[in-house]
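Peer 1: Below is the structure, and that's it, no one-letter string:
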């Protein structure tokens, strides 16, 4: 059902609204989310980025934090323009970041379960005979002998301890059969 004619008021410009403050507050609210939880929890939204990072002991500009030595030093020049160090009020942020960085990196890449089973099956049944592996009926992707050899080498590289126990168990089985 349409609105009655003359019932809608047109929007008037709000002269008493401070547009500069309105835009600044909108920009602050739309600021990007800080991914690092240590920095995010210590962040003070009332302060600037430079002030926040200085309080945490972090550098805003790495080029200014670690100045390069000048190659030519004039004889009359004296280094008297050193800035005073900013006070680190939140050292726990820096210590948390260092502790997190010193943790050993997780090994993110692994082989698929199918590839592991495939390699184990081929080595179990054919040993080192790559041509026989290439003719095997379980070679669904029709890998060439070289491709199969490379897959086995990748498995050896990713899981050396597991590979060694697998080979030792195969040796035991062959000894028991004979």
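Peer 2: Happy to help now that I have it. None of the values given here were measured: they were computed from a predicted structure. Residues are numbered from 1 along each chain as shown.
Peer 1: Longest helix in this protein, please.
Peer 2: helix 160-177 (DSSP state H).
Peer 1: Any chance you could list what contacts that one?
Peer 2: The list of residues contacting helix 160-177 from outside it, by C-beta atoms under 8 Å, 6 or more residues apart in numbering, reads 120, 123, 124, 155, 156. (Glycine included, C-beta is placed from N, CA and C.)
Peer 1: Among those residues, name the ones in strands.
Peer 2: Judged by DSSP state E, these include no members of strands.
Peer 1: Please tabulate the residues you listed in TSV, including the columns neighbour count.
Peer 2: Conversion of those to TSV gives the following (neighbours: other C-beta atoms under 10 Å):
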residue	neighbour count
120	16
123	19
124	12
155	20
156	15
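Peer 1: if we take the residues you listed, which one ends up nearest to residue 7?
Peer 2: Nearest to residue 7, judged by C-beta to C-beta, of the contacts of helix 160-177 is residue 155 at 76.3 Å.
Peer 1: Tell me which of the contacts of helix 160-177 fall in helices.
Peer 2: 120, 123, 124, 155, 156.
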